Structure formats: C-alpha cells, structure tokens
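Asks: kindly generate the corresponding structure for this input.
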Amino acid sequence: MKYVIANWKMNMVLEDIKSWYTKFSESLNRYGMSQDIQIILAPASVHIPIVKEVFKDLPVKIASQDVSRYDKGAHTGSLGSFQLKEFCDYCIVGHSERNEDMQTVLEKRDMVIKNSLTPIVCFTDPKDCVKVYTQNSLIAWEDPSNISLNGNYRPKDPGEIDEQSKMIINMLPEDAVLIYGGSVNKDNVAGLNSMEHIKGLLIGNASLDPEHFYEIALKFGA
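Replies: Next up, the predicted model:
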C-alpha cells in the first residue's frame, strides 16, 4: 500500500470543501485510481465530521492534523484520540509547523496507538527516524531544505532525496513505512515514485487544488 496524504492545514471553509469534493470525485470517476493508493484527507479539526460525511461514498480515509498528548480530562481546547477515533483512522503527530519537543511527539504517538488509530509521525532530522518509529505507525520525513514556503515550491536534487530516504529506511525495521513531505507537486511526483523507499507523500499546498492533488495521486500509483 502507498499513501497520499492531503494536509489542508488552516485553509478551506465549507463551500471550499464541497467544491473540492465535486472536482475530486469527477476526476476519480473519470480516470479511476490504483487500488494500491490510500488517499488520506486531513482537514481542520472543525471540519472533520463534515468531511467524513461528505466523502463517505469515496475511498478516502480521514486524519486529524493534531491530537492531544493526554488521555482525557481538563484540557480545554484539546482533542483526544478517544474522541477522534469516532471520525478518523489517522492522526498527524509532530508536524514541523508545531515546533514540538520530542517527548511531546512521542507521548502523542503512543496515545494515538493506544486508541487504535494510526499515527503519521513527522520528523525533520533523518537521525530522528529511529526515535519516532514504532510498530503500527507511519513516519513522515519533512525535508526542511525542500518544504514549500508561502505556496512556492523549493526544488531539490532528486538524488539527494533518494540517498537520504535510503539512509532513513536502512536504520529501521523492514516493515517501516516512510512518507515524504517537501514541495510535493505534479511535476516532481514521478521522480519520487521511482524511489523505492518512499511509500507515501505528505502534501500541503498542492493538496488545496483537487485536480492537482488527484494528478499527484494518479502518478504516484502508476
């Protein structure tokens, strides 16, 4: 299985979500999608139940963009794994934009697994892959030299991505799943698809355009 994850971040209102659904479903019905691709949508927390309902007829899964490190209790404004599992199958943990320390990331990861969800655990330093990986998790390398800025993609030598992804996966058990995040778009996805160690994509800016996102998923499943 390969994973294509849309992280919508703090974007979209209801009208945008409905329009995204319409355009994406049209592309899906017209051209199809490889059964080896799992599409995962990570909307803003306020929209999670709505996205689950709107997309219920499509082969997609829902993820939370963040999660609490705590089980339950007096944590105003937080979302617990035990609550999210009513709507989600995945939770993004430790995204670089949150600037969380490693202990917080690991506590969130473990709480997600405890509640029978799959964490997508982010890291930027390749050496941290060993710390963030555990069974029943996906790990997402957010390449700091290749993360898009203000919607502008930052190209990087594919050879460097391939070399570093091999280094990461060689430090991990054979069943580890490595997701790549960093200026992923329709122009570079074919190159990423050729890298055998990369089994998924974490897509930010390009995921806001449903047709662009669909094209990425289609090429990654080729």
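Asks: count of residues packed around the nearest residue to Asp89 once chain neighbours are set aside?
Replies: Closest residue to Asp89 apart from its sequence neighbours, by C-beta to C-beta, 6 or more residues apart in numbering: Lys61 at 4.5 Å. Every C-beta, even on glycine, is put in place using the N, C-alpha and C of the backbone. The local packing count at Lys61 equals 17, with neighbours defined by other C-beta atoms under 10 Å.
Asks: repeat for the one 3 residues further on
Replies: Neighbouring residues of Ser64 were enumerated by other C-beta under 10 Å; the total is 26.
Asks: and the gap between it and Ser116?
Replies: According to C-beta to C-beta, to the nearest Å, Ser64 and Ser116 sit 14 Å apart.
Asks: need the longest helix for the chain.
Replies: Secondary structure of the chain read by DSSP state H shows that its longest helix is helix 14-31.
Asks: my guess is Ser137 contacts Leu117. True?
Replies: No. Look at Ser137 against Leu117 with C-beta atoms under 8 Å: they stay out of range, at 10.0 Å.
Asks: which strand or helix spans Arg109?
Replies: helix 102-114 (DSSP states H and E).
Asks: ok, Phe82 next?
Replies: helix 81-84.
Asks: name the helices or strands packed onto that helix?
Replies: Using 3 or more C-beta pairs under 8 Å, 6 or more residues apart in numbering; DSSP states H and E, the elements in contact with helix 81-84 are helix 102-114.
Asks: so after the helix it packs on, what's the next helix or strand?
Replies: Note on helix 102-114: by DSSP H and E, the next helix or strand toward the C-terminus is strand 118-123.
Asks: tell me what that following strand is packed against?
Replies: Counting by 3+ C-beta pairs under 8 Å, 6+ apart, strand 118-123 packs on strand 90-93, helix 102-114, helix 129-132, strand 138-142.
Asks: tabulate the CA atom coordinates of that strand in PDB.
Replies: Taking Å, rounded to 0.1, in the frame of the first residue of the first chain, the C-alpha atoms of strand 118-123 are listed here in PDB:
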ATOM      1  CA  THR A 118      -2.600   5.100  13.200                       C
ATOM      2  CA  PRO A 119      -0.200   8.000  13.900                       C
ATOM      3  CA  ILE A 120       1.600   9.700  11.000                       C
ATOM      4  CA  VAL A 121       4.700  10.800  12.900                       C
ATOM      5  CA  CYS A 122       6.600  13.700  11.400                       C
ATOM      6  CA  PHE A 123      10.300  14.400  11.800                       C
END
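Asks: what does that strand contact?
Replies: Outside of strand 118-123, the residues within contact range by C-beta atoms under 8 Å, 6 or more residues apart in numbering are 5, 40, 63, 89-96, 105, 108-109, 112-113, 129, 131-133, 136-142, 179, 181, 202.
Asks: quick one: contacts for Ser81?
Replies: Val67, Ser68, Asp71, Cys91, Met111, Val112, Lys114, Asn115, Leu117.
Asks: circling back: strand partners of whichever strand or helix holds the residue nearest to Asp89, parallel vs antiparallel please.
Replies: Here Lys61, judged by DSSP H and E, is contained in strand 60-64. Its sheet considered, strand 60-64 pairs with strand 37-42 (parallel), strand 90-93 (parallel) by DSSP bridges.
Asks: elements contacting the helix or strand just after the first one?
Replies: So the one you mean is strand 37-42. Moving toward the C-terminus from strand 37-42, the next helix or strand (DSSP H and E) is helix 48-54. With contacts defined as 3+ C-beta pairs under 8 Å, 6+ apart, the packing partners of helix 48-54 are helix 14-31, strand 60-64.
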